[in-house]
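Undergrad: only geometry, no sequence info:
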């Protein structure tokens, strides 16, 4: 990833160049999006959830995942971090090298009376990333960028697995979904400079090409769920 620290003016220049050269590449990641996105056949009832809940998803660079989910009504906080590995290797240097079992992930805190776990899954599969890409998203390659849902309990795991089967059975995507569903052992927050990255670095070339279009897609495709920051 292009994650080096550059001046704001240089970032603006690079952003323009990268956008011009990269539109075709970014468009190459486009997916078959149905006119009506299927609603999960089973979901977690708000009556069964007391207070705020959390969901942990992985799907490529966590900057973009964070940017999408923090624009959802009912979501109060999104943290970038690492899941799927141990505490002693939960650092960006180690995870980004692909030498650990972690995946770049986001932990989403949400109010189930405003947005359900199943609705979060809709955004995860249809906006936040491409669930048919194995161990990669766009320009990012490696198991650390895998598509994965880390379930906090049996109910989350059941809903996630059922939705994947529902989407595959309906041939919603041109390719099968490769998303893993695994129990959440622990979520480790990423370093401070990775938190709220898009807000603090809106002109970063990677953000301009890969992340801002996803946020615009969320607003256009799910306007009733979108909230402005």
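TA: Right, received. Where do you want to start? Keep in mind the model is a prediction, meaning the values are calculated, not measured.

Undergrad: now the helices for this protein?
TA: Listed from the start of the chain, the chain has helices (DSSP state H) covering 8-27, 62-69, 92-96, 117-123, 154-169, 197-200, 205-206, 212-221.

Undergrad: low-confidence bits of the chain, can you list those?
TA: Counting by pLDDT under 70, the chain shows low-confidence ranges at 1-35.

Undergrad: which non-adjacent residue is nearest the residue positioned nearest the centre of it?
TA: Centrality entry for the chain: nearest residue to the mean C-alpha point is residue 65, 3.0 Å, by C-alpha atoms, centre = their mean. If the residues on either side of it in the chain are set aside, residue 65 comes closest to residue 106, at 4.5 Å by C-beta to C-beta, 6 or more residues apart in numbering. In short, each C-beta sits where N, CA and C put it, glycine included.

Undergrad: and for residue 116?
TA: residue 43 (5.1 Å).

Undergrad: give me phi/psi at that neighbour?
TA: For residue 43, the backbone dihedrals (degrees, to the nearest 10) come out as phi -150, psi 170.

Undergrad: ok, it - contacts?
TA: Each residue near residue 43 by C-beta atoms under 8 Å, 6 or more residues apart in numbering is listed here: 116-119, 159.

Undergrad: now stretch 161-176, how far from the chain's geometric center?
TA: Computed by C-alpha atoms, centre = their mean, to the nearest Å, the separation of stretch 161-176 from the middle of its chain amounts to 18 Å.

Undergrad: export the helices of the chain to JSON lines and tack on distance to residue 148?
TA: Output for the helices of the chain, formatted as JSON lines (distance: least, C-beta to C-beta, whole Å):
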{"stretch": "helix 8-27", "distance to residue 148": "23"}
{"stretch": "helix 62-69", "distance to residue 148": "11"}
{"stretch": "helix 92-96", "distance to residue 148": "13"}
{"stretch": "helix 117-123", "distance to residue 148": "13"}
{"stretch": "helix 154-169", "distance to residue 148": "10"}
{"stretch": "helix 197-200", "distance to residue 148": "20"}
{"stretch": "helix 205-206", "distance to residue 148": "21"}
{"stretch": "helix 212-221", "distance to residue 148": "18"}
